[in-house]
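Engineer: Build the 3D model from these lines:
(chains A and B)
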Amino acid sequence: MKTLAKFILPVLGFLILSCGGSGEGDSSSSSTTSGAETSTESPKSKVKASERIDLENKGVGPVTSVTLDPEIDRKLAVEGKKVFDQMCIACHKPDSKFIGPAPKDILDRRSPEWVMNMILNPEVMIKEDPLAKDLLMEFNGSPMANQNLTEDQARAILEYFRTL
Amino acid sequence: MKTFNFLILISAALVIGLTSCNNQGQKSSGALTANAAERTYIPPGEYDEFYGFLSGGFSGQLSVYGIPSGRLLKVIPVFSQDPEKAYGYNEETKPMLNTTHGFIPWDDTHHPDISQTNGELDGRWVFMNGNNTPRVARIDLETFETAEIIELPNSAGNHSSAFVTENTEYVIAGTRFGIPIPQKDMPIADRKGNFGASFSFLSVDQDNGEMDLSFQIRVPGFDYDLAHPGRGKSHGWYFVTTYNTEEAHTLLEVNASQNDKDFIAAINWKKAEEYIENGDFTTEATEYAHNIYDEHTHTATSTIKKEVRVLDARELPGLVYFLPTPKSPHGCDVDPTGEYIVGNGKLSADLTVHSFSKMLDAIENEKFDGEAYGIPILNFEDVLGGTVVQPGLGPLHTEFDNNGNAYTTFFISSEVVKWKVGTWEILDRKPTYYSVGHLSIPGGNSQKPWGKYMVAMNKITKDRYLPTGPEMNHSAQLYDITGDKMELLLDFPTIGEPHYASMIPADMIMSKSKKIYKLAENEHPHATTNDGDVRIERDGNNVHIYMTMIRSHLNPDNIEGIKVGDKVYFHITNLEQDFDVPHGFAMMGANNSELLIMPGQTETMVWEPKKVGIWPFYCTDFCSALHQEMQGLIRVSPADSDVELSWSLGE
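Structural biologist: Numbers count the residues shown, from 1 in each chain, chains lettered A, B, ... in the order given. Just a heads-up that it's a prediction; the model follows:
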């Protein structure tokens, strides 16, 4: 009897699970996890999220690898400033804290991938990236707006940040 | 023994588990009557199969429903002001409601019709008539907003309208009431013989949808009721029912029901194009407003136009023929092949169906039975295609499926009757609740119907829903028409009075639905697409505030230097670029509505402060966790004060 129950109960459990799964469809948040949970799980550090340094964390989103040329691409940076002034400046001043943090010297604290993912994928970042989560709390729970930029536009903004 | 019982229990559980799982996975098929709920239930997060565009009748608007669920998705303001969306209240959309009678905040909408290509719905635009002060509107199906309104001169009671030809060459709009043309001061009793009526042909620009009043056809001053363009073999013609061919001017319920037969007017608009081409028109001075909303400036402009080209059917041969049709016909519907024209005589016991090919033959052989005001009357028997004998009481409207069946509503006997086109036999009848007017089948007035659902729209609700005082919303009923017999699936309330409705498969338009307005494409003359351009400018008593909004602040949020007697323009740009993040704006004491500004859009509110003090403004649409903080203050000083104009955010 005991052995039988041991065999059948897991089968039942499996059936129930698969049934529930089929009901919900396939839309739920799929494979947006990444290596984010690795190093930066905030160990209740006293350092404010905006001042914390983490150059390893690439964040969560479409950008997995960015190579920065040692030389700043001035033309691209001008492009980036234009986009930033239209899409971002309502909440970010280049060199002082406003609604959100200042982007000045951001690449001393964040990886380029993290910066671009924060621009392109803010809704997921504030839920899944430990640093972004802490930033949301530090900045009054004011969520970063998704301004629907293209990856090229985000890359241009990154170049502009290098000039600040 | 115990083990045995346990096994049985487990097996039973397994069977139940598997069966319920199967039921969830498969959508309805099989048993037809008991599972109406399942066939109209759209699970949370899933979409309806069809969009239904139901006119709002005396609400003046257009409602958008999901079919088969009957869920209200949106109310699109068209001819009536809508404080929810600031339509007709903000400076940008006020010109949409301009007419030669001045600003009109309301109308009565009847017949939405979706644009067509090759006789099939194409989902570009919905056209809809304003019945009271004759106008036709175009609703854009990318923005789901009213993009254009054109007023119709020489017209009164724009009822036999607004229906599209099979390539949307024209939207045709017929008058309802005969009137003096041009208008003049004369005794009402002299109506007979001295009134006229007009059919307006609005050409449509195939790239941007813009309408142009190409020409009008002048016809005798009867009343005209409902219409449909020909399709397929009858493409190039337009059919419209007449009543009050008696030309009575009072107590029409008696005096306009005297003639045994009124007419269906058959209008040859290809012939009209020839006459126009040959210059056989007169250009008459008149006045009508043409209002266009520009999606890039987010602003409407109203232009008063001054003349119209007119073709007089009483003088130009071959333009119009009259088909005698029994007893005050109402609906005038053309089957998908274009051969049959159904005239629904309101007071007739039978349904009269005219044959297009017989009509052409009678015209060719000049088999006329007299004339009215110079327009030939054809012989009833010569054009009769068939009769549906005693189908019900008070026939109004007919739609078609893709299997050669027609569905006609009967107002007095409260039912929909299904009959066979060609054999005229009655196949089925189902009651409606109560007193049905129009009905709609997706594509049911085109060459390609999707004969899956039919919606009957009723005039009387009575006990269908929980009572809500003397006024009840009108009811609509959804029927499954895939089987031999119609099946009632669902009952749902509507807004105003839905007359006609136009329905279309969702996948034909959902992917085109716009999500945001791009800031980079914002050409509003008072846009502030860059926070660096936030400013306030004074020009005498006019103060222009160039404000921006984004989660969760308004910039500026502190304003001083406004004075009693100023006229303050808030030009506000929503800097968001994310789907479904509108912000609202409300100013205490403003004598109009809020603004509701879509991402990337600019709107303007006028506020004339009357009281000294500090007055708050705020965002009305809950936008983020800090929505309640999205607010600001304006200091209003006395008219003679010398407080400097200043503004700030976060200082």
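
Engineer: Please count neighbours and contacts with C-alpha atoms only from this point.
Structural biologist: Noted.

Engineer: Look up the closest residue to residue A:91, ignoring the ones flanking it.
Structural biologist: residue A:99 (4.8 Å; CA to CA, 6 or more residues apart in numbering or on different chains).

Engineer: ah, wrong one, I meant residue B:371
Structural biologist: residue B:377 (5.0 Å).

Engineer: In contact with that neighbour, which residues?
Structural biologist: Contact analysis of residue B:377 by CA atoms under 8 Å, 6 or more residues apart in numbering or on different chains lists B:321-324, B:368-371.

Engineer: three-state assignment of it?
Structural biologist: State at residue B:377, reduced to three classes by DSSP: H, G, I helix; E, B strand; the rest coil: strand.

Engineer: Just list whatever residues bridge to it.
Structural biologist: residue B:322 (DSSP bridges).

Engineer: Any regions of the chain where pLDDT drops low?
Structural biologist: Defaulting to chain A. A:1-45 (pLDDT under 70).

Engineer: I was after chain B.
Structural biologist: In chain B (pLDDT under 70), the answer is B:1-33.

Engineer: Would you map the helices across it?
Structural biologist: B:2-25, B:36-40, B:252-255, B:269-277, B:356-364, B:380-383 (DSSP state H).

Engineer: now chain A
Structural biologist: Counting by DSSP H, the helices of chain A are A:2-24, A:74-87, A:112-120, A:122-128, A:130-138, A:151-162.

Engineer: got a list of what the closest residue in space to residue B:255 that isn't next to it in sequence touches?
Structural biologist: Using CA to CA, 6+ apart and skipping residues adjacent in sequence, the residue nearest residue B:255 is residue B:248, 5.9 Å away. If a contact means CA under 8 Å, 6+ apart, then residue B:248 has B:191-192, B:255-256 as its contacts.

Engineer: Next, count neighbours for the residue of the stretch 251-400 of chain B found nearest chain A.
Structural biologist: Chain A sits closest to residue B:296 of the stretch 251-400 of chain B, with a gap of 17.1 Å, by CA to the nearest CA. Neighbour count of residue B:296, defined by other CA atoms under 10 Å in any protein chain shown: 15.

Engineer: so it touches residue B:520, yeah?
Structural biologist: No - counting by CA atoms under 8 Å, residue B:296 stays clear of residue B:520, with 10.0 Å between them.

Engineer: if we can go back for a sec, buried ones among the contacts of residue B:377?
Structural biologist: B:321-324, B:368 (16 or more other CA atoms under 10 Å in any protein chain shown).

Engineer: where's residue A:119 relative to residue B:53, distance?
Structural biologist: 38 Å (CA to CA, to the nearest Å).

Engineer: ok, for residue B:395, nearest residue in space, not its chain neighbours?
Structural biologist: Using CA to CA, 6+ apart, the closest residue to residue B:395 is residue B:410 (4.3 Å).

Engineer: ok, that neighbour touching residue B:436?
Structural biologist: Yes - counting by CA under 8 Å, residue B:436 is a contact partner of residue B:410 at 6.5 Å.

Engineer: who's more crowded, the two?
Structural biologist: residue B:436 (30 against 26).

Engineer: Quick check: beta-bridge partners of that one?
Structural biologist: residue B:458.

Engineer: The one 4 residues further on too?
Structural biologist: Going by DSSP bridges, residue B:440 is paired in beta bridges with residue B:455.

Engineer: Against chain B, how distant is the residue nearest in space to the middle of chain A?
Structural biologist: Computing the C-alpha centroid of chain A and ranking residues by CA atoms, centre = their mean puts residue A:125 first, at 3.3 Å. Distance, residue A:125 to chain B, using CA to the nearest CA, to the nearest Å: 16 Å.

Engineer: For that residue, give me its contacts.
Structural biologist: Neighbours of residue A:125 in contact, by CA under 8 Å, 6+ apart: A:59-61, A:117-118, A:132-133.

Engineer: cool, and residue B:425?
Structural biologist: Contacts of residue B:425 by CA under 8 Å, 6+ apart are B:388, B:419.
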